[in-house]
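>>> this one's sequence-less:
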């Protein structure tokens, strides 16, 4: 600005014209500076928005799933930070539980504990009721280890399983939690006449009781068949020995 003023001293003009010119140049300079500042602010705002949006997407995206099944069936979506970001019920009892229990943004162990306490208070966790927890995750070993070590899970004798995303997709097409669908698939290996519709009306305890009965029956059948094979082998061995002995005598 001093250089401008010095150069203007050699110009023959009225003081008023000089002053107007200096003010015009100063105003123009301020406008350019304000424009640059607005550009910086806009760029910073865009950057903050991108960071916030990407961060929210990262937080809100489930990376693991946990199915908790007693008679109520509830699935939790867990983000990479171990927080509940989704909670879905797959029967009426499960819907009632979710209406009573606020689970969003809680660590998954606390969410499971809250569900078990609600189920106990609502009368679903009776003495003969059983808890089944099924996990889908790349870190399933860590999650199962933490669930098994949890005091409330241990108190209610939770049985733990793993599953996969394909099973989850099939389960949802049948309007069933993937934990209960896993039990259906296992039981259907023993009983081919079993239908998904029939499983909808069964509790997890009933499904697991039938699975255990089928296992014992199959194990007993295999053991009986193995015993019969051994007996037949002994009998064949005895006859063969007698025949050889008889042939040698001839």
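Received it, and whenever you're ready, just let me know what you need. Note that the structure is predicted; figures quoted are calculated from it, not measured.

>>> Going by residue numbers, what spans are strands in the chain?
Using DSSP state E, the strands of the chain run over residues 64-69, 73-78, 84-89, 132-136, 159-162.

>>> Who are the packing partners of the shortest one?
Packing contacts for strand 159-162, counted by 3 or more CB pairs under 8 Å, 6 or more residues apart in numbering; DSSP states H and E, involve strand 132-136, helix 140-149. C-beta coordinates here come from the backbone N, C-alpha and C atoms, glycine included.

>>> That strand pairs with which strands, parallel or anti?
Partner strands and pairing direction for strand 159-162 (DSSP bridges) are strand 132-136 (parallel).

>>> Outside of the strand it pairs with itself, list whatever touches it.
64-70, 112, 143-144, 147, 153, 158-165, 167-168, 178-179, 182-183, 204, 208 (CB atoms under 8 Å, 6 or more residues apart in numbering).

>>> list the buried ones in stretch 84-100?
Taking 16 or more other CB atoms under 10 Å as the neighbour-count basis, stretch 84-100 is seen to contain the buried residues 84-85, 87-91, 93-94, 97-98.

>>> Could you identify the most distant pair in those?
Put simply, by CB to CB the two of these set farthest apart are 85 and 93, 22.7 Å from each other.

>>> Minimum distance to residue 107: which of the helices and strands packed on strand 159-162 has it?
Of all the helices and strands packed on strand 159-162, helix 140-149 comes closest under CB to CB, at 9.8 Å.

>>> about what we covered before: quick check, nearest of the buried residues of stretch 84-100 to residue 128?
Top of the list for closeness to residue 128, among the buried residues of stretch 84-100 and by CB to CB, is residue 93 at 16.4 Å.

>>> any idea how far that closest one lies from residue 122?
According to CB to CB, to the nearest Å, residue 93 and residue 122 sit 8 Å apart.

>>> Residue 88 too?
For residue 88, the distance to residue 122 under the criterion CB to CB works out to 18 Å.

>>> any chance of the buried residues of stretch 84-100 in JSON lines, with distance to residue 60 and pLDDT too?
Compiled in JSON lines, the buried residues of stretch 84-100 are given as follows (distance: CB to CB, whole Å; pLDDT from 0 to 100):
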{"residue": "84", "distance to residue 60": "11", "pLDDT": "96"}
{"residue": "85", "distance to residue 60": "5", "pLDDT": "96"}
{"residue": "87", "distance to residue 60": "13", "pLDDT": "96"}
{"residue": "88", "distance to residue 60": "15", "pLDDT": "96"}
{"residue": "89", "distance to residue 60": "20", "pLDDT": "95"}
{"residue": "90", "distance to residue 60": "21", "pLDDT": "95"}
{"residue": "91", "distance to residue 60": "26", "pLDDT": "92"}
{"residue": "93", "distance to residue 60": "27", "pLDDT": "91"}
{"residue": "94", "distance to residue 60": "22", "pLDDT": "93"}
{"residue": "97", "distance to residue 60": "22", "pLDDT": "90"}
{"residue": "98", "distance to residue 60": "18", "pLDDT": "92"}
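
>>> Go through those residues and say which is closest to residue 75.
Looking at the buried residues of stretch 84-100 and their distance to residue 75, the nearest is residue 88, at 4.9 Å (CB to CB).
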